[in-house]
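Undergrad: Sequence first, predicted coordinates after that:
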Amino acid sequence: MAGGLRELVKFEDPIGNVVKMWRRPNGLEIGQVRVPLGVIGIIYESRPNVTVDAVGLSIKTGNAIILRGGSEALLTNRTLVRILREALTDSEVPVNAVQLVGIPKREAVMALMKMNQYLDLLIPRGGAGLIETVINNSTIPVIETGVGNCHIFIDSSAEIESSRQIILNAKVQRPSVCNAVETILVHKEIAPLILPLLGEDLKAAGVEIRGCPQVREYISWAKEATEEDWFTEYLELILAIKIVSDLDEALSHIEKYGTKHSESILTTDYHHARSFLQSVDAAAVYVNASTRFTDGYQFGLGAELGISTQKLHARGPMGLKALTTLKYIIYGNGQIRK
């Protein structure tokens, strides 16, 4: 966590940056400048590293932050926030720019979601239940993050050995995170070649497979997939696999069941790759790579406050720029509107 903060220090401070300026025919000079959002609230579960990342990003962008972590990490978060606030005493940043809601009761969360007079933005970071609760109850603007029912489509022209490695990484390397793959779609032409091998790989890694009837012809020990499986973000060593007839069917499946997080195609067909990139509506769309790279550090952003799956105002990993907004600045010399 300390290393992450040291890396964040190296990044350029976006606050005060003039994005662009232009002159109007009447002589007015108009510009856009980056400014802080204000006071950000974040409600998150489990991992206390989020506490440190959130504070670092907020301080770097001139924002204040109110943290409400999960009750299971309450004592750890209290300690981390105490250390961070102590560090601020030797700086020009007010200590109260970092605050923790140290009350584990649900009532505290519900109260936080109604504090319009104090908060400019609320970010829920966690499972589907948490995000749904915040969206349905908050009177503060919300950026939806996290839920990742991610897919990988193995096209007919995919390289088999590379595909096996990518899928194993995307599912097994860290299955409990939102950018882990949950469903594999396999083109019918390559299914006989790759599924028996993939089944062996996943079985050796302890992955439970839930497949459509055609998949179970190649992986006999796979369980039968239900409609619910295509919607499910497992966050564990369970993987759904479906055989599709072509790229269009894969795109239709992703559109119906995806959560607009991260989607990938494995292919050597340039036109299929381009079509996938253009057609898939998601925060991150990959060609020939694991979905596990959807991450602020991996994208070179220094850190992230979460991965936005919506379109306003931020999308994808939320780094420094995502915690700013724009303000217009206008220079005149006596202009009046006629």
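TA: Happy to help now that I have it.

Undergrad: center of the chain, which residue is that?
TA: The C-alpha lying nearest the average C-alpha coordinate of the chain belongs to Ile307 (Cα atoms, centre = their mean; 2.0 Å).

Undergrad: OK, contacts around the residue lying closest to Phe276 once chain neighbours are set aside?
TA: Residue nearest to Phe276 in three dimensions, not counting chain neighbours: Ile265, with 4.2 Å by Cβ to Cβ, 6 or more residues apart in numbering. C-beta coordinates here come from the backbone N, C-alpha and C atoms, glycine included. When contacts are counted by Cβ atoms under 8 Å, 6 or more residues apart in numbering, Ile265 touches Ile152, Phe153, Asp155, Ala250, His272, Ala273, Phe276, Tyr286, Val287, Asn288.

Undergrad: Is Ile265 in a helix, a strand, or coil?
TA: Put simply, Ile265 is strand when judged by DSSP: H, G, I helix; E, B strand; the rest coil.

Undergrad: Next, the contact list for Gly334, please.
TA: Taking Cβ under 8 Å, 6+ apart, we find Gly334 in contact with no residue.

Undergrad: gap between it and Tyr328?
TA: For Gly334, the distance to Tyr328 (Cβ to Cβ, to the nearest Å) stands at 19 Å.

Undergrad: Can you tell me which of the contacts of Ile265 lies closest to Asn169?
TA: Each of the contacts of Ile265 was checked against Asn169 using Cβ to Cβ; the closest is Ile152, at 10.3 Å.

Undergrad: Confirm that closest one sits in a helix?
TA: No: assessed with three-state DSSP, Ile152 is strand; it does not lie in a helix.

Undergrad: hmm, back to that, how near is the residue nearest to Phe276 to Ser220?
TA: Taken as Cβ to Cβ, the spacing of Ile265 relative to Ser220 amounts to 27 Å.

Undergrad: Please apply the same query to Gln335.
TA: 78 Å.

Undergrad: which one of these two has more residues nearby?
TA: The neighbour count for Gln335 versus Ser220, taken as other Cβ atoms under 10 Å, is higher for Gln335 (12 against 8).

Undergrad: residues contacting the more buried one?
TA: Residues near Gln335 by Cβ under 8 Å, 6+ apart: Asn26, Gly27, Leu28.

Undergrad: Who wins on neighbours among those residues?
TA: When the contacts of Gln335 are compared by neighbour count (other Cβ under 10 Å), Leu28 ends up highest, at 13 neighbours.

Undergrad: Spit out the contact partners of it.
TA: For Leu28, the contacting residues are Ile330, Tyr331, Gly332, Gln335, by Cβ under 8 Å, 6+ apart.

Undergrad: and with 6 Å instead?
TA: By Cβ atoms under 6 Å, 6 or more residues apart in numbering, the residues touching Leu28 are Ile330, Gly332, Gln335.

Undergrad: what does Ala64 give?
TA: Applying Cβ under 6 Å, 6+ apart to Ala64 gives the contacts Val39, Ala97.

Undergrad: that older thread, quick one: buried ones out of the contacts of Ile265?
TA: The neighbour-count test (16 or more other Cβ atoms under 10 Å) marks Ile152, Phe153, Asp155, Ala250, His272, Ala273, Phe276, Tyr286, Asn288 as buried among the contacts of Ile265.

Undergrad: how near is the first one to Leu326?
TA: In other words, Ile152. Distance of Ile152 to Leu326, computed by Cβ to Cβ: 36 Å.

Undergrad: And the second one, by the same measure?
TA: With distances defined as Cβ to Cβ, the gap from Phe153 to Leu326 amounts to 37 Å.

Undergrad: Please apply the same query to Thr133.
TA: In this structure, Thr133 lies at 30 Å from Leu326, with Cβ to Cβ as the measure.

Undergrad: same deal with Gly41?
TA: In this view, Gly41 and Leu326 are 21 Å apart by Cβ to Cβ.

Undergrad: For these two, indicate the residue with more neighbours.
TA: Gly41 (26 against 12).

Undergrad: so that one touches Ile66, yeah?
TA: Yes: because the distance of 4.6 Å satisfies Cβ atoms under 6 Å, Gly41 is recorded as touching Ile66.

Undergrad: Let me see the ranges of the helices in the stretch 201-338 of the chain.
TA: Using DSSP state H, counting those that start in this stretch, the helices assigned to the stretch 201-338 of the chain run over residues 213-218, 227-231, 247-257, 270-279.

Undergrad: could you dump the shortest one to CSV, C-alpha only?
TA: As requested, the backbone C-alpha atoms of helix 227-231 are provided in CSV (Å, rounded to 0.1, in the frame of the first residue of the first chain):
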residue,chain,number,x,y,z
GLU,A,227,-30.1,-19.8,-17.5
GLU,A,228,-29.0,-18.3,-14.2
ASP,A,229,-25.4,-19.3,-14.8
TRP,A,230,-25.1,-17.0,-17.8
PHE,A,231,-26.1,-14.1,-15.6
